[in-house]
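Undergrad: Curious how this folds, go ahead:
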Amino acid sequence: MFKSLRYRLLTWFVLSTILISVLSVTMFQVHRSNKSEHKQAIENLEYLRYQFIKDQNEVNSFISTDINQEGFYQKGESKFLTTHYQLTNSIDSCFVNCYSGKLNTYPGIKESLHSIRDTYTDYCILLDSLVFKMYQRGFSNFGLEGELSSYYYSLENSCNLNKNKLLQLKLSETEYLYRYDTNSIGSLVVLCNNLITSVINSSKYTTSEKTQLVSWIKSYRNTFLEIVAADRKSGLAGNKGFKQDIDRLSSKLENSINHTISIAVQSYNVYNSRLNVIFGLTAFLLLALAFVFSVYTSRYFVYNLEQLTGYISELTRSNFNTSIQLNLRHSTQEVRKIYIEFRKMVAQLTMEKKQRDAALKIAEENQQRYRELANLLPQSIYETDRLGNLVYVNQTWYNTFGYSPEDIDKGLNLIELLNADPKRALFGYYKAENNEFQAKRKDGSKFPATVYSDVIRRGKKVVGRRGIIVDSTMRNKYVESLKR
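TA: From the prediction side, this is the model:
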């Protein structure tokens, strides 16, 4: 059984594995238990950051979506705010876990956690203030915007007011509410003041009507200015006020958490480096022992493999012409089997090489025979590629057309030589016989030619054409003599 390389290596592997395992398991268990506790503390901080990012996304979604939805002002509820409050409770739990873990043993972490918690409290207070301010401002038919619409509706239903001025008033209101155009604020105030003056100076209204109209216009103007003040306070239009403070605290919280995680990771690495040194030294000693033992055993195991490798290399350099014999008497079964199979393969390759050389020689002789036979024929024989470019011609073709092999190498097309239409059958995908053309020699002279042609196929693909060109000059003269 031990004559097999497999079982020799298996025995070495089992013994070395048992030795290394027994010595390393104890140290590894101690190292892992301490490492897991500190790693859990880092994961608590990572989870705190994850929960805060989720909370940040929910707050941003509320600001960008629900403040422009009537459902929020009608029901006073938002799925984003609901999720925010749930995440707030989860973040509080994260702080508790961070305080109770191994993080307190790291320098500066406890103070950083207190600072982060205070900043997050301010962040939540600012968000509640923003929600209250936006709910107070309202949207569409709710809050201050609802009051603004109500006052405008009252003014619009007053039949005696100038409709053009009311339309300008509504246009300035729309420019601000939907585009946050601050230039329209002053325009609306001026329009309201002018409208009040025109009502007071007008003789179309009674005293009670003037009082009512002026009251509506002032209420409309004041409500609009309250909306502007609410927007400036919230900062949604220009990223100032509450919105700016929320963004600032959000960025500060994110940077603080990231900085705290960075400090915790550095402390964690310092702590682990101490254990890693001890663990590394132990592992190094084990590896050194394993290396020494492996070097000793590998020299014994691979000696015959090295001999076999040298034998194969020598065969390659000498092109399989060597008479080296190996002594594999004490080698493993696998090495002896490789050697025997390789010898069989070399013999097979040598035989196949001889057969291939003989076949190549016969093929070359046949090719030479066919070319010599083609050159003996009195007709012009040619071969073209798929586009009609000549790739082979016999000696009769050179004699008939007056071209040289160098002209063929430069490129000659059968269409030009025969002055033919490319759409004729000669250039199609079928056999063509007895086609009459006016062929053109190199010197420019022409002669009648009869062409017989067929396609060259490689499998199902047409790769060119092969044919014969017969000079019909003598035949045509004979036909003419018969006609006379």
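Undergrad: show me where the stretch 151-300 of the chain has helices.
TA: With helices called from DSSP state H, counting those that start in this stretch, the stretch 151-300 of the chain shows them at 163-179, 183-201, 207-234, 241-301.
Undergrad: Need the ones you listed in TSV (columns: mean neighbour count, mean pLDDT and distance to Q379).
TA: (C-beta placed from N, C-alpha, C; glycine too.) Converted to TSV, the helices of the stretch 151-300 of the chain look like this (neighbours: other C-beta atoms under 10 Å; pLDDT from 0 to 100; distance: least, C-beta to C-beta, whole Å):
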stretch	mean neighbour count	mean pLDDT	distance to Q379
helix 163-179	15	81	90
helix 183-201	16	85	96
helix 207-234	17	84	99
helix 241-301	15	78	73
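Undergrad: Distance to K361 added to those helices, as a markdown table?
TA: Formatted as a markdown table, these follow (distance: least, C-beta to C-beta, whole Å):
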| stretch | distance to K361 |
| --- | --- |
| helix 163-179 | 91 |
| helix 183-201 | 98 |
| helix 207-234 | 96 |
| helix 241-301 | 47 |
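Undergrad: Select, out of those helices, the one closest to L127.
TA: helix 241-301 (6.1 Å; C-beta to C-beta).
Undergrad: Tell me which of the helices of the stretch 151-300 of the chain approaches T11 most closely.
TA: helix 241-301 (9.6 Å).
Undergrad: The closest one - contacts with which helices or strands?
TA: Packing partners of helix 241-301 (3 or more C-beta pairs under 8 Å, 6 or more residues apart in numbering; DSSP states H and E): helix 5-64, helix 109-137, helix 207-234.
Undergrad: and the angle for it with helix 5-64?
TA: 180 degrees (axes from the mean of the first three to the mean of the last three C-alpha atoms, to 10 degrees).
Undergrad: now the angle from helix 241-301 to helix 207-234?
TA: With the same axes, to 10 degrees defining the directions, helix 241-301 sits at 20 degrees from helix 207-234.
Undergrad: Figure out how far helix 241-301 is from the centre of its chain.
TA: 30 Å (C-alpha atoms, centre = their mean, to the nearest Å).
Undergrad: and the angle for that helix with helix 109-137?
TA: Helix 241-301 and helix 109-137 meet at an angle of 140 degrees, taking the same axes, to 10 degrees as the criterion.
Undergrad: Return the residues in contact with R441.
TA: 400-402, 447 (C-beta atoms under 8 Å, 6 or more residues apart in numbering).
Undergrad: buried residues in stretch 382-390?
TA: Buried positions in stretch 382-390, judged by neighbour count with 16 or more other C-beta atoms under 10 Å: 382-384, 388, 390.
Undergrad: contacting residues for the closest residue to L253 other than its chain neighbours?
TA: Spatial nearest neighbour of L253, excluding adjacent residues (C-beta to C-beta, 6 or more residues apart in numbering): T119 at 5.4 Å. By C-beta under 8 Å, 6+ apart, the contact list for T119 reads 249, 252-253, 256.
Undergrad: if you set the cut-off to 10 Å instead, what comes out?
TA: Applying C-beta atoms under 10 Å, 6 or more residues apart in numbering to T119 gives the contacts 249-250, 252-253, 256-257.
Undergrad: Same question for E364.
TA: By C-beta under 10 Å, 6+ apart, no residues touch E364.
Undergrad: measure the residue nearest to L253 to Q367 for me?
TA: 90 Å (C-beta to C-beta, to the nearest Å).
Undergrad: How much space separates the residue nearest to G143 when sequence neighbours are not counted from I312?
TA: For G143, ignoring the flanking residues on the chain, the nearest one in space by C-beta to C-beta, 6+ apart is R137 at 5.4 Å. Going from R137 to I312 by C-beta to C-beta gives 88 Å.
Undergrad: ok, these two, which is more surrounded?
TA: Each of R137 and I312 has its neighbours counted (other C-beta atoms under 10 Å); R137 has more, 22 against 14.
Undergrad: what's the longest strand in the chain?
TA: In the chain, with assignment by DSSP state E, the single longest strand is strand 446-458.
Undergrad: the inter-axis angle of the following helix or strand past that one versus strand 446-458?
TA: Per DSSP states H and E, the first helix or strand lying C-terminal to strand 446-458 is strand 461-471. Strand 461-471 runs at 150 degrees relative to strand 446-458, counting by the same axes, to 10 degrees.
Undergrad: What residues sit buried inside strand 461-471?
TA: Neighbour-count burial for strand 461-471 flags 464-465, 467-471 (criterion: 16+ other C-beta under 10 Å).
Undergrad: Also stretch 141-153?
TA: For stretch 141-153, by 16+ other C-beta under 10 Å, it's 142-145, 147-149, 151-152.
Undergrad: mean confidence for that stretch?
TA: Mean pLDDT, stretch 141-153: 79.
Undergrad: Now do that stretch: distance to the chain's middle.
TA: So, by C-alpha atoms, centre = their mean, the centroid of stretch 141-153 is 51 Å from its chain's centroid.
Undergrad: what residues are up against the closest residue to N389 other than its chain neighbours?
TA: Once flanking residues are discounted, N389 sits nearest to N413: 5.5 Å by C-beta to C-beta, 6+ apart. Applying C-beta under 10 Å, 6+ apart to N413 gives the contacts 384-385, 387-390, 422.
Undergrad: Closest one of those to K442?
TA: L390 (12.9 Å).
Undergrad: which SSE is that closest one in?
TA: Using DSSP H and E, L390 falls in strand 390-393.
Undergrad: Name the next helix or strand downstream of that strand, please.
TA: Following strand 390-393 toward the C-terminus (DSSP H and E): helix 395-401.
Undergrad: which outside residues touch that next one?
TA: Helix 395-401 has contacts (C-beta under 10 Å, 6+ apart) with 371-372, 374-382, 390, 393-394, 403-405, 407-408, 412, 417, 439-443, 447, 449, 468-471.
Undergrad: cool, and stretch 148-168?
TA: Here stretch 148-168 makes contact (C-beta under 10 Å, 6+ apart) with 138, 140-142, 169-170, 173, 177, 187-188, 191-192, 194-195, 198-199, 202, 204-205, 209, 212-213, 215-224, 226-227.
Undergrad: what would the buried residues of strand 461-471 look like in CSV with pLDDT and distance to K431?
TA: Compiled in CSV, the buried residues of strand 461-471 are given as follows (pLDDT from 0 to 100; distance: C-beta to C-beta, whole Å):
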residue, pLDDT, distance to K431
G464, 89, 14
R465, 88, 10
G467, 90, 10
I468, 91, 12
I469, 90, 15
V470, 89, 16
D471, 86, 21
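Undergrad: Quick check: S129 touching A230?
TA: No. The pair S129 and A230 does not pass the contact test of C-beta atoms under 10 Å, sitting 11.5 Å apart.
Undergrad: Which neighbours do the two have in common?
TA: Listed contacts common to S129 and A230 are G241; contacts here mean C-beta under 10 Å, 6+ apart.
Undergrad: What strand or helix carries the closest residue to D55 other than its chain neighbours?
TA: Of all residues not flanking D55 in the chain, L87 sits nearest, at 4.2 Å (C-beta to C-beta, 6+ apart). Using DSSP H and E, L87 sits within helix 79-100.
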